[in-house]
Each structure stands twice: as structure tokens, then as C-alpha cells.
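S.K.: Sequence and predicted structure are below.
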Amino acid sequence: MPLPTEPIGSIPRPEELLQAIAAFSKREINQKELNAEYEKAVRDTIAEFEKTDSPVITDGEQTKPSFATYPLDQLTNLAPDGVVIPFEDGHTRQLPRLLTGPFQYKTYAGSYLNFAKKFAHRPVKQAVIAASALSLIYPETGIPGYNREAFIHDLVKNAVADIRSCFDSGAEKVQIDFTEGRLAVKLDPSKGLLHSFIDLNNRVLSHFSPAERQRIGVHTCPGGDLDSTHSGDVDYSELIPDLFRLNAGNFYMELAGEKDPEHVLSIVRDNLKDGMRVFVGVIDVINPGIETPDQVCEQTLLAAKYIPVEQLGTTDDCGFSPFGDDQSTARETAFAKIRSRVEGTKMASKELNLN
């Protein structure tokens, strides 16, 4: 069997969709008109994805407001002044702050999958946000009448339901976005925060069978957004041993953007466990240049020197547009990079006699 290759998820939204979203916010168009633009974007994204010959596709997250906050969209018990996440280029993203309990997702990711599968002819994976990321919306000062323990109970229940909604809707894989892993080390070098994140996410994963966990993956990267990162200065050696404590079958790891890929691969090799598959990033989504299939093949063969081929796959370093307003990469560039990943992985599989 050839090496598996999968995308992370998001694709830059078409300009027409972004204009429609802006017009809707100003009440210049109605919900029906906006929905028509959403459908057009999803149809086009899936069609372009399938042209890349990717064996697994996504809907490009065209209808998500962001990879992190989709469960919270339109909730009324939130304030906008939550945790601020600074990026290396100076821009920031801000999470909302929970005002009152109980906590409940407004949207489950399975709903995006149901819509995408109307147009898809290939297996579709679905990304969900990690419970650890959403745990940051609970204020440090607490909420009267709704303590953190009650919040975590509700958060776990909803995170489980989110993943379950994807499986119930026919997801090929479910990918948990855990981009806050390296950030946790940056915020708390003692790793107390990271350990709490790992434990929380394992509470969620404990609700799934071993067979289901083989279809669940965890994505880690230094938080790519607007061609910048929030934790690229944190060495992978500070994360990987704890990352691999997560009870998931697949790990999607940013690698192409690392300065010393072999350093990272050696850490992966030394911590890899039976039953895990590591999808190494062979596409640097921040670099505007388009990798050639030959370059992808070379990176994949390098990874195969450290990771057994039966535990190896390829992916992109990150989503191309994790937040809805990120237009730092053109749609055409994103799909060209994906085509190179698919073709380069096929070339590496042939070199490794896996076809």
C-alpha cells in the first residue's frame, strides 16, 4: 500500500464569499443569499480538492468562522474580551470569555460534514477543536454559581458529542486541532499547563473505543496564521514526549517549516509508540513558494529513515486559512501545494516499493 496522505483542513475562502459575509454583517444581504455563497464555496472547494487526486479531502472549512471558535458562534453567554494570543509578527487573536453557565456548544462539526458530503465523491475528514483550547474561555476569576469543575464536565461532554457527530455523519477521520500544545509550553515552561491540556484531551478520548481512536488524529503546529506563528520558538523536544501520551491513533505534525527537521524526526523516533501513525508535514503553508513533487518526495524519504513506513504518512504543516479572514495564501497556491504533496507522496511510495 502507498503511504497515506491527508490535508489538515482549511483552504482560503473565495473573495466572493468574504464579501458576502461582510455584506451580511451590514444587513445588505439576507441569510438565504449568504447561504448560496457558502454552498458555492463548498462546491468549488470540494471540486478543486478532488482534482488534486487527494485520497482524503475536506470542505476547506469554508463555512466555519474559525477552526477554534465554530462551537461558540452565536452563543449569547460570551464576552469578546477573553484570552489574547500574540503572534510573532505582532498581530493577535482573541478568544471570547464565558460569562455564565452552563456551557453548551452551539454548533457541532458533524453539521459541516453533512453539508460537504452532498457534493463529495471521496472520503471526507473533519477537524474539531480540542477541548483544551476551549478550556481557555473560562475566566481565571471564576463564574459565580458555576465553578470550573462543572464547566470542565460540560466541556468534555460537548467535545465528545462533537467528535461523535462527525463519526455519525460518516467522517473518514476526525482530526483534533491541538495547536495550543507548544503555546502551553511557552506560557508555562514548567509544563503544568501542557500536562493539564493532555489530561483533559485524554478525558475526551476515553469515551471512544480503541477502533474509533484509530480514526482520530491530533494536529500540532506552532499556530500558523497570516503567515506568522505564535510558538515557533518552542523546541519540539518540549512537546513530543507529552504529545504522544494522547490516546489517539494518528498525529499530524508540522515539519516542513522547521529549521532542523532531522532533529524533530529523531525525537519522534525515540518517542513513537506501537499503533501510532505520524503524518509529517511536507508542505510549508507559510512559505509562498510552491514545493515541487521532487522536494516532497525527498522530505518524505528523509522521514522514512526515522519512522517505520507502516507508521508514516504525509500532510500539510497546517491549514491554509484557519481563521476565516486569512487571505495570506491564494486559493490557487493552496491547491497547487496540495497537488505537489499528493504527487510527491506517490513518488516516495514508489521509491520505498510500497505501490
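M.R.: Good, I have the coordinates. Predicted model, so just to flag it, every value in this text is computed and none were measured.

S.K.: For the rest of this, base every contact and every neighbour count on C-alpha atoms.
M.R.: Fine.

S.K.: show me what contacts residue 323?
M.R.: 65, 66, 67, 225 (C-alpha atoms under 8 Å, 6 or more residues apart in numbering).

S.K.: Check residue 31 too.
M.R.: By C-alpha under 8 Å, 6+ apart, the contact set of residue 31 is residue 24.

S.K.: what about it, distance to residue 38?
M.R.: 10 Å (C-alpha to C-alpha, to the nearest Å).

S.K.: returning to what we had before: most neighbours out of the contacts of residue 323, which is it?
M.R.: In terms of neighbour count, residue 225 stands highest of the contacts of residue 323 at 25 neighbours, by other C-alpha atoms under 10 Å.

S.K.: Show me what that one bridges to in the sheet.
M.R.: Taking DSSP bridges as the rule, residue 225 bridges to residue 228.

S.K.: For residue 35, see how far away it is.
M.R.: As judged by C-alpha to C-alpha, residue 225 and residue 35 stand 26 Å apart.

S.K.: One more: residue 249?
M.R.: Distance, residue 249 to residue 35, using C-alpha to C-alpha: 35 Å.

S.K.: Run through who's touching the strand ranked longest in the chain.
M.R.: Assignment by DSSP state E gives strand 277-283 as the longest strand of the chain. With contacts defined as C-alpha under 8 Å, 6+ apart, strand 277-283 is touched by 5-6, 249-257, 291, 296, 299-300, 303, 310-318, 337-338, 341.

S.K.: what mean pLDDT does it have?
M.R.: Mean per-residue pLDDT for strand 277-283: 98.

S.K.: Kindly report the same for stretch 248-257.
M.R.: Averaging pLDDT along stretch 248-257 gives 97.

S.K.: please renumber so the chain begins at 25
M.R.: In the new numbering, first residue 25, that becomes stretch 272-281.

S.K.: all strands for this structure, in order.
M.R.: 102-103, 108-110, 116-118, 121-122, 150-153, 198-201, 240-244, 274-277, 301-307, 336-340.

S.K.: can you give me the mean pLDDT across the second one?
M.R.: Across strand 108-110, pLDDT averages out at 85.

S.K.: ditto for the last one
M.R.: Along strand 336-340, the predicted local confidence has a mean pLDDT of 98.

S.K.: who does it touch, helix- and strand-wise?
M.R.: strand 301-307, helix 317-328, helix 355-375 (3 or more C-alpha pairs under 8 Å, 6 or more residues apart in numbering; DSSP states H and E).

S.K.: Could you list the low-pLDDT ranges of this protein?
M.R.: The chain contains no residues with pLDDT under 70.

S.K.: Please, where are all the helices along this structure?
M.R.: Along the chain, counting by DSSP state H, helices occupy 39-49, 55-75, 134-140, 155-158, 172-192, 204-211, 216-229, 234-237, 264-267, 285-295, 317-328, 355-375.

S.K.: okay if I get these as a markdown table plus distance to residue 106?
M.R.: Output for the helices of the chain, formatted as a markdown table (distance: least, C-alpha to C-alpha, whole Å):
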| stretch | distance to residue 106 |
| --- | --- |
| helix 39-49 | 22 |
| helix 55-75 | 28 |
| helix 134-140 | 26 |
| helix 155-158 | 11 |
| helix 172-192 | 16 |
| helix 204-211 | 15 |
| helix 216-229 | 17 |
| helix 234-237 | 32 |
| helix 264-267 | 26 |
| helix 285-295 | 33 |
| helix 317-328 | 39 |
| helix 355-375 | 31 |
